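> Sequence plus predicted model, see below.
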Amino acid sequence: MKIVFCLVLAASLTAVSIAQTPAQPQTPATAPASGATPPIAMHFSPGTLIRVQLDTPIDTKKAHLGDQVLAKTTDDLKSDPPGLATKGCKIIGHLVEVTAHEGDTPSKLRIVFDKMILKNDVEMALPATIQAVGFPDPSLNATSETPLNGGSPSQYSGQRMPSSNSGDAKLPFNAQGAVGMSGVTLSAGSSQDSILISNKHNVKLETRMQMILRTE
């Protein structure tokens with residue numbers, strides 16, 4: 001009996017001890033790493049002209065609202081620090097309106113540019129509209145072209161560096177509108193958007209077409 005009594009007493013004391021043990025504080029979950037966008041290294045002065053070449057075709061008969069517009073710069077641009085805005089930097093935009101031509105309904109394509117990805121992978125905002133779009137002019141090369149420096153100098157004014165690729169066909173920086181695109185008109189919208197309209201057929205932008213972008 002004494003042995004049984006001792007066992008019962010020991011079990012009771014253990015239960016009381018467990019009940020009186022304070023709960024251990026829970027370790028807070030580790031905060032997720034900050035996903036903040038890296039600081040913008042440069043910006044464009046208003047009126048800077050940037051020539052880009054389309055990487056993806058766009059056809060109002062097949063395109064959809066929100067589709068990305070992908071292009072790359074065709075020229076080295078002066079930057080501080082140097083070497084960030086070279087030829088081949090990615091330009092990203094998207095479609096904010098797509099209307100196919102049908103009967104009396106004109107075809108319409110409205111594009112907004114979002115950002116430029118520099119060579120250090122930093123993304124910078126690209127508030128710009130399309131001044132001209134069309135295929136490169138074979139009669140124009142980089143050495144025969146006079147650079148046009150849009151806007152007043154700032155942290156990044158966007159002057160173009162001299163190029164040794166004299167055989168590269170370019171769309172001139174002084175080009176205006178839809179160059180060589182019969183029946184297509186180009187205009188700037190009210191929200192940094194560019195609008196292409198055709199009353200006769202669907203608006204089509206083909207790969208390797210070039211654009212002259214003017215920063216806002």
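Now that the structure is in, tell me what you want to look at.

> For this structure, name the helix or strand with the lowest mean pLDDT.
helix 2-20 (a mean of 45; mean pLDDT, DSSP states H and E).

> all strands for this protein, in order.
Using DSSP state E, the strands found in the chain span residues 49-54, 58-59, 68-73, 90-99, 107-117, 123-125, 128-134, 177-178, 184-188, 193-198, 204-205, 210-215.

> Determine which of the ones you listed approaches Leu84 most closely.
Closest approach to Leu84 among the strands of the chain is made by strand 123-125 (9.1 Å; Cβ to Cβ). C-beta: built from backbone N, CA, C; applies to glycine.

> Direction included, what does the closest one pair up with?
Partners of strand 123-125 in the sheet, by DSSP bridges, are strand 107-117 (antiparallel).

> for the record, mean pLDDT for the partner strand?
Strand 107-117 shows an average pLDDT of 96 in the prediction.

> CA atoms only: put that strand into PDB for me.
What follows is the C-alpha trace of strand 107-117 in PDB, where atoms were taken according to Å, rounded to 0.1, in the frame of the first residue of the first chain:
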ATOM      1  CA  SER A 107      -8.300  49.700 -85.700                       C
ATOM      2  CA  LYS A 108      -6.700  51.300 -82.700                       C
ATOM      3  CA  LEU A 109      -3.600  50.500 -80.700                       C
ATOM      4  CA  ARG A 110      -2.700  52.500 -77.600                       C
ATOM      5  CA  ILE A 111       0.700  52.000 -75.900                       C
ATOM      6  CA  VAL A 112       2.100  53.100 -72.600                       C
ATOM      7  CA  PHE A 113       5.800  52.700 -71.800                       C
ATOM      8  CA  ASP A 114       6.700  51.700 -68.200                       C
ATOM      9  CA  LYS A 115      10.400  51.300 -67.600                       C
ATOM     10  CA  MET A 116      13.900  50.800 -68.900                       C
ATOM     11  CA  ILE A 117      16.200  48.200 -67.400                       C
END
